[in-house]
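Q: kindly generate the corresponding structure for this input.
(one chain, ligands or ions: 2)
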Amino acid sequence: MAWHCACLSAGMPDLILTPEPLTPVRFAPFGQVVAVQGQSPALPAWPINGGNAQRYELLPDLQLTAEGGVPMLALFSAQARQFPLPVTELERHALGSQTFVPLGTQRFVVVVARPGPAPQAGELQAFITDGRQGVVLAPGTWHHALLAVEGGDFVVVERRAAAVDCEVCCLDPGVQLRL
Ligand SMILES: NC(=O)N[C@@H](O)C(=O)O
Ligand code: NI
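A: Numbers count the residues shown, from 1 in each chain. Ligands and ions are numbered 1, 2, ... in the order given. Predicted coordinates for the structure are as follows:
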């Protein structure tokens with residue numbers, strides 16, 4: 001899906017946003033962390049494959065089939081972003097979740113706001129992964145497009161349908177994202 005938008009901002013915004021470490025509890029209003037460690041409550045585990053692996057069920061339904069949607073798998077080869085970075089727009093996919101999992105150990109920053117009306121700058125929250133975490137953005141969660149700290153490939157699972165499901169909101173004033 002090719003989505004684009006352009007929210008113009010005059011210069012670097014004033015409000016500074018600094019990401020906090022990503023944890024399942026803090027990220028819960030926005031979606032799910034893809035990792036075994038740190039889940040609260042701890043994930044139930046099943047020994048499988050003759051005891052050679054542990055199975056953890058993170059999320060029973062990725063919510064990708066609303067209104068005729070089908071789950072799709074994509075790869076994003078992302079370049080490292082330069083920080084500080086002006087955040088002047090967010091997007092949401094109202095009809096499905098969106099999952100990002102690094103194929104390497106590259107970190108990324110997730111800038112989010114709760115599902116609902118278009119957020120104001122002061123409602124944004126930012127999280128930075130530890131290089132081993134992924135995220136599932138819940139349907140409708142406002143988010144900035146992928147912000148890779150180190151460049152690399154990401155597995156992306158999202159909903160595909162005839163109509164593109166991507167609504168963009170412009171932040172005015174925007175925020176300055178600093179690591
Ligand atoms: N544009 C695109 O395919 N990706 C965005 O939805 C994103 O969240 O990165
Ligand atoms: Ni998105």
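Q: send the alpha carbons of the biggest strand by length in the chain over as PDB?
A: Using DSSP state E, we find that the single longest strand of the chain is strand 167-177. The C-alpha trace of strand 167-177 is given here as PDB (Å, rounded to 0.1, in the frame of the first residue of the first chain):
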ATOM      1  CA  GLU A 167      -6.100   8.300   7.700                       C
ATOM      2  CA  VAL A 168      -3.600  11.000   8.400                       C
ATOM      3  CA  CYS A 169      -3.800  13.800  10.900                       C
ATOM      4  CA  CYS A 170      -1.500  16.900  10.900                       C
ATOM      5  CA  LEU A 171      -0.100  18.100  14.200                       C
ATOM      6  CA  ASP A 172       0.000  21.900  14.500                       C
ATOM      7  CA  PRO A 173       2.100  22.600  16.400                       C
ATOM      8  CA  GLY A 174       4.100  19.500  15.900                       C
ATOM      9  CA  VAL A 175       6.600  18.000  18.300                       C
ATOM     10  CA  GLN A 176      10.400  17.500  18.200                       C
ATOM     11  CA  LEU A 177      11.300  13.900  18.800                       C
END
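Q: name the helices or strands packed onto it?
A: Judged by 3 or more C-beta pairs under 8 Å, 6 or more residues apart in numbering; DSSP states H and E, the packing partners of strand 167-177 are strand 15-17, strand 85-92. In this view, the C-beta of every residue, glycine as well, is placed from N, C-alpha and C.
Q: now render the ones you listed as JSON lines, adding mean neighbour count and distance to ligand 1.
A: Formatted as JSON lines, the helices and strands packed on strand 167-177 follow (neighbours: other C-beta atoms under 10 Å; distance: least, C-beta to the nearest ligand atom, whole Å):
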{"stretch": "strand 15-17", "mean neighbour count": "15", "distance to ligand 1": "17"}
{"stretch": "strand 85-92", "mean neighbour count": "20", "distance to ligand 1": "6"}
